[in-house]
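S.K.: got a structure for you, letters missing:
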């Protein structure tokens with residue numbers, strides 16, 4: 001069970017949304033942030049459903065993708081004269097012809113947001129003949145990608161709630177002999193089941209376990225610099241020195257900008 005860690009807590013999603021759509025022969029697109037378990041769901045579909053399924057990665061080349069589909073579907077690839085060719089001699093045009101001749105089948109496309117325009121155009125032709133299940137990280141800005149996914153229902157793979165993550169952590173901790181506190185592991189995982197197991201194993205450092213003193217508080221130094229700049233400007237007024245007054249104003253501006261970005265970064269932690 002713990003080998004497919006990214007599927008933990010996804011029983012409802014698999015039984016209520018994924019399986020019914022596959023049974024009806026309908027394609028869809030899985031969306032969610034990195035590490036949410038989209039790839040694990042595609043692998044689960046490949047392992048648990050009969051039929052002509054082929055899983056490919058959109059970051060692969062067109063030749064690699066067509067080769068994977070032909071192998072998964074057990075297709076015969078013929079040349080322009082109709083002679084069957086072995087795998088080592090397959091050409092893109094021959095494989096594309098073999099795939100386009102099919103009227104049924106499933107193509108599971110991982111990382112669809114990384115697909116090139118050339119690949120998206122080929123996949124658009126395939127969509128009229130086979131069923132496509134895609135997985136990727138939105139937003140999908142490329143026009144060719146939007147055309148490919150048009151009409152496909154979206155299934156959002158959400159981070160799990162803290163209650164569910166805590167339940168999984170309590171069940172997993174004894175099995176993997178974890179010494180990491182449950183609440184720290186759950187906090188470090190941020191709703192991602194696979195990340196949770198890594199945190200329990202000590203592969204992810206919880207925020208509370210970080211060594212104190214790694215962050216340097218620059219606030220006192222910035223206040224001293226600003227105070228020095230203000231004093232400089234007052235001195236410049238007393239001496240009636242325009243250049244010294246301008247230098248003080250420039251320093252004040254730079255100090256305020258640094259202060260703004262420093263506190264902005266601290267608030268985003």
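M.R.: Received it, and whenever you're ready, just let me know what you need. These figures come from a predicted structure and were not determined experimentally.

S.K.: which residues in this structure form strands?
M.R.: 28-31, 53-57, 106-110, 131-136, 154-156 (DSSP state E).

S.K.: TSV for those, including distance to residue 165 and mean neighbour count?
M.R.: The C-beta positions use only the backbone N, C-alpha and C, and glycine is treated the same way. Below are the strands of the chain laid out as TSV (distance: least, CB to CB, whole Å; neighbours: other CB atoms under 10 Å):
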stretch	distance to residue 165	mean neighbour count
strand 28-31	20	22
strand 53-57	28	20
strand 106-110	24	23
strand 131-136	22	24
strand 154-156	18	14
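
S.K.: among those strands, which is nearest residue 163?
M.R.: Across those, residue 163 has its closest neighbour in strand 154-156 (19.2 Å, CB to CB).

S.K.: Partner strands of that closest one, with direction?
M.R.: If you go by DSSP bridges, strand 154-156 pairs up with strand 28-31 (parallel).

S.K.: Just the residues contacting the partner strand, thanks.
M.R.: Here strand 28-31 makes contact (CB atoms under 8 Å, 6 or more residues apart in numbering) with 21, 38, 41-42, 112, 133-138, 149, 152-157.

S.K.: Kindly report the same for stretch 60-76.
M.R.: 52-58, 77, 84, 87, 90, 92, 95-96, 98-99, 102, 105, 107, 118-119, 122.

S.K.: Local confidence estimate at residue 41?
M.R.: Here the pLDDT value assigned to residue 41 is 93.

S.K.: Counting neighbours, what do you get for it?
M.R.: The number of residues packed near residue 41 is 26, by other CB atoms under 10 Å.

S.K.: Pull out the buried residues from the contacts of stretch 60-76.
M.R.: Neighbour-count burial (16 or more other CB atoms under 10 Å) is assigned, among the contacts of stretch 60-76, to 52-58, 77, 90, 95-96, 98-99, 105, 107, 119, 122.

S.K.: my read: residue 122 touches residue 97, true?
M.R.: No: between residue 122 and residue 97 there is no contact under CB atoms under 8 Å: 11.9 Å.

S.K.: Just the ones of the contacts of stretch 60-76 in helices?
M.R.: The members of these that map onto helices under DSSP state H are 92, 95-96, 98-99, 118-119, 122.

S.K.: Just flag the most distant two among the residues you listed.
M.R.: Spanning the widest gap among those are 98 and 118, at 18.5 Å by CB to CB.

S.K.: who touches the closest residue to residue 189 other than its chain neighbours in this structure?
M.R.: The spatial neighbour of residue 189 that comes closest, neighbours along the chain excluded (CB to CB, 6 or more residues apart in numbering), is residue 196 at 3.7 Å. Listed by CB under 8 Å, 6+ apart, the contact set of residue 196 reads 5, 8, 165, 168-169, 172, 185-186, 189.

S.K.: can you redo these as a markdown table with distance to residue 224 and neighbour count?
M.R.: Shown next, in a markdown table, are these (distance: CB to CB, whole Å; neighbours: other CB atoms under 10 Å):
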| residue | distance to residue 224 | neighbour count |
| --- | --- | --- |
| 5 | 50 | 19 |
| 8 | 51 | 24 |
| 165 | 44 | 25 |
| 168 | 49 | 21 |
| 169 | 46 | 24 |
| 172 | 50 | 21 |
| 185 | 41 | 26 |
| 186 | 41 | 25 |
| 189 | 41 | 25 |
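
S.K.: which one of those residues is nearest residue 17?
M.R.: residue 8 (16.7 Å).

S.K.: Hmm, residue 193 and the closest one touching each other?
M.R.: Yes: using CB under 8 Å, residue 8 is in contact with residue 193, at 4.0 Å.

S.K.: Overlap of the contact sets of these two?
M.R.: Residues touching both residue 8 and residue 193 (CB under 8 Å, 6+ apart) are residue 168.

S.K.: surely residue 117 meets residue 147?
M.R.: No: using CB under 8 Å as the test, residue 117 is too far from residue 147 to be in contact (10.7 Å).

S.K.: What residue in this protein is the furthest from its centre?
M.R.: Outermost residue of the chain with respect to the C-alpha centroid, by CA atoms, centre = their mean, is residue 239; its distance is 60.4 Å.

S.K.: Quick check: that one vs residue 44, distance?
M.R.: 77 Å (CB to CB, to the nearest Å).

S.K.: No further queries at this time; thank you.
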